[in-house]
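> Return a 3D structure for these sequence lines:
(one chain, ligands or ions: 2)
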Amino acid sequence: MKLARLETFLIGRPWNNLLFVRLETDTGITGVGEGTMQWQAQTVAAVTELMFKRYVVGASPFDIERLVQAMYRNEYARGGPVLNSAIAAIEMALWDICAKHVGQPLYNLLGGRVHDTIPAYANGWYENGCTPEVAAAAARKVVAEGYSGMKFDPFWLAGADPQPEVLRLGFDTIAAVRDAVGPDARIMIDGHGRFSVGTANQIAHVLGELGVYWFEEPVAPENFAMLGEVDRPKGLRIAAGERCWSRHQVPQLIAQGRPHVLQPDIIQVGGILEAKKIAAIADAHGIPVSFHCPFGPVATAAALHLDMATTNIVSQESFSAFDVPWRSDLVTNCPMPRQGAYRVSDAPGLGIELNEDAIREHPFREEAVQDMWADNGSMSAWRG
Ligand SMILES: O=C(O)[C@@H](O)[C@H](O)[C@H](O)CO
Ligand SMILES: [Mg+2]
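Ligands and ions are numbered 1, 2, ... in the order given. A predicted model of the protein is given here:
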């Protein structure tokens with residue numbers, strides 16, 4: 001079996017563009033992958049096509065490790081989120097082909113099932129900048145759906161050291177959500193890497209009082225030691241790693257940043273196998289993982305197969321029910337949580353196929369970049 005052809009698909013959503021790929025073999029078996037990267041979808045698509053031409057066409061789809069290493073090492077500079085995302089899109093499709101060829105769901109090639117279902121936590125359920133009352137009402141619905149927890153950024157687009165009233169509104173919003181969902185629901189707060197260490201510590205102490213489960217990316221992702229300086233009061237966990245793009249950096253992130261939960265991004269680390277290796281590094285440190293997944297349904301399916309075969313997962317991030325209403329039209333058998341958990345398809349491969357008619361209805365759209373470092377204390381979400 002030889003790899004013959006690559007096709008890329010850009011799909012415009014209001015937030016960002018999705019990038020799907022389909023690999024064809026000379027036997028007629030095809031595989032799908034996803035290389036969605038925020039605001040760089042066209043760039044990643046171009047790199048994916050180049051990588052296919054340079055390394056993949058004519059190769060055996062079973063040579064996954066060899067092909068990934070060629071794409072990573074021969075491109076001399078090595079890695080970075082753009083190249084890694086292109087590698088991941090191809091790699092997912094290779095796994096899909098191999099698993100279809102042997103007639104097995106992908107998790108059976110990744111070590112087999114260690115879970116029956118995958119608990120999901122909700123993200124995207126909340127409108128940034130809304131009032132505490134609106135957030136509380138939305139949170140009640142999320143709990144009623146059975147999710148294992150919910151994540152949000154109540155300080156959305158505040159700067160490194162926000163005005164006191166911005167912090168207060170954020171705290172009031174979390175307190176309203178806590179009141180609405182009761183003491184046992186898991187609340188996760190995403191800082192998106194914006195705060196100074198001082199402000200992160202100030203916030204962390206309030207989150208500890210409110211019984212928040214984890215504080216994610218409290219400080220900028222580049223400096224692991226800075227993360228290590230963030231306080232962890234009253235059992236508050238620190239989650240990080242969605243922007244740690246190299247397996248080779250993970251030991252330093254763990255040693256210096258001391259996260260309690262690691263969040264590898266299966267696209268931006270370069271695919272399923274890399275993410276599996278990172279999960280094993282975390283496991284050796286007693287750290288659970290929760291794969292980052294603000295992506296479309298193809299990468300969500302890939303993350304779920306990996307979850308199924310990974311011992312140290314906590315919960316899968318899920319945008320599935322809060323995305324555009326046509327999300328589930330894009331693929332057959334779109335993964336959706338039921339009662340707050342995913343059941344993973346036992347169909348061969350990833351268990352999904354692209355629905356090209358639906359994909360064509362949502363062409364590429366210019367990206368409206370989010371201003372993620374505004375230092376003006378404003379809560380305005382969009383700039384583009
Ligand atoms: O943990 C998450 O899913 C977030 O950090 C998203 O990647 C972010 O909101 C995208 O702008
Ligand atoms: Mg995040």
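
> where does the protein come near ligand 1, residue by residue?
When proximity is defined by Cβ under 6 Å from any ligand atom, the chain lies next to ligand 1 at 38, 123, 190, 192, 242, 292, 294, 317, 370. Placement of C-beta: from N, CA and C, glycine included.

> Cross the residues you listed against strands and list the overlap.
Mapping these onto strands (DSSP state E) picks out 190, 317.

> Farthest pair within the residues of the chain next to ligand 1?
317 and 370 (17.8 Å; Cβ to Cβ).

> Report the contact partners of the residue in the stretch 1-150 of the chain that ligand 1 sits nearest to.
At 5.3 Å from ligand 1, residue 123 is the closest residue in the stretch 1-150 of the chain, using Cβ to the nearest ligand atom. Residue 123 makes contacts with 150, 151, 152, 190, 294, 317, 318, 319, 322, as judged by Cβ atoms under 8 Å, 6 or more residues apart in numbering.

> ok, the fourth one to residue 153 distance?
Applying Cβ to Cβ, to the nearest Å, the value for residue 190 to residue 153 is 5 Å.

> Assess the claim that residue 84 and residue 268 are in contact.
Yes: proximity of residue 84 to residue 268 meets the contact threshold set by Cβ atoms under 8 Å, at 5.4 Å.

> Between these two, which contacts overlap?
By Cβ under 8 Å, 6+ apart, the residues touching both residue 84 and residue 268 are residue 245.

> Counting neighbours, what do you get for residue 284?
11 (other Cβ atoms under 10 Å).

> whoops, I mixed them up, residue 258
By the criterion of other Cβ under 10 Å, residue 258 has 18 neighbours.

> Single out whichever of the residues of the chain next to ligand 1 has the smallest pLDDT.
Ranked by pLDDT, those bottom out at residue 370, which scores 75.

> For that one, give me phi and psi.
Residue 370 has phi and psi values of phi -80, psi 140 when expressed as degrees, to the nearest 10.

> Next: residue 72.
phi -80, psi -50.

> ok, now how distant is it from residue 145?
Residue 72 sits 39 Å away from residue 145 when distances are taken as Cβ to Cβ.

> Regarding the chain, what is its longest helix?
Across the chain, the longest stretch assigned as helix under DSSP state H is helix 81-101.

> Output that one as PDB - backbone C-alpha positions only.
C-alpha atoms of helix 81-101 as PDB (Å, rounded to 0.1, in the frame of the first residue of the first chain):
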ATOM      1  CA  PRO A  81       3.600  25.000  15.800                       C
ATOM      2  CA  VAL A  82       3.200  25.500  12.100                       C
ATOM      3  CA  LEU A  83       5.400  22.600  10.900                       C
ATOM      4  CA  ASN A  84       4.200  20.400  13.800                       C
ATOM      5  CA  SER A  85       0.500  21.100  12.900                       C
ATOM      6  CA  ALA A  86       1.200  20.000   9.300                       C
ATOM      7  CA  ILE A  87       3.000  16.900  10.500                       C
ATOM      8  CA  ALA A  88       0.100  16.100  12.800                       C
ATOM      9  CA  ALA A  89      -2.500  16.500  10.000                       C
ATOM     10  CA  ILE A  90      -0.700  13.900   7.900                       C
ATOM     11  CA  GLU A  91       0.100  11.700  10.900                       C
ATOM     12  CA  MET A  92      -3.500  11.400  12.000                       C
ATOM     13  CA  ALA A  93      -4.500  10.400   8.500                       C
ATOM     14  CA  LEU A  94      -1.800   7.800   8.400                       C
ATOM     15  CA  TRP A  95      -3.200   6.200  11.600                       C
ATOM     16  CA  ASP A  96      -6.700   6.300  10.200                       C
ATOM     17  CA  ILE A  97      -5.500   4.500   7.100                       C
ATOM     18  CA  CYS A  98      -3.500   1.800   9.100                       C
ATOM     19  CA  ALA A  99      -6.400   1.200  11.400                       C
ATOM     20  CA  LYS A 100      -8.900   0.900   8.500                       C
ATOM     21  CA  HIS A 101      -6.500  -1.500   6.800                       C
END
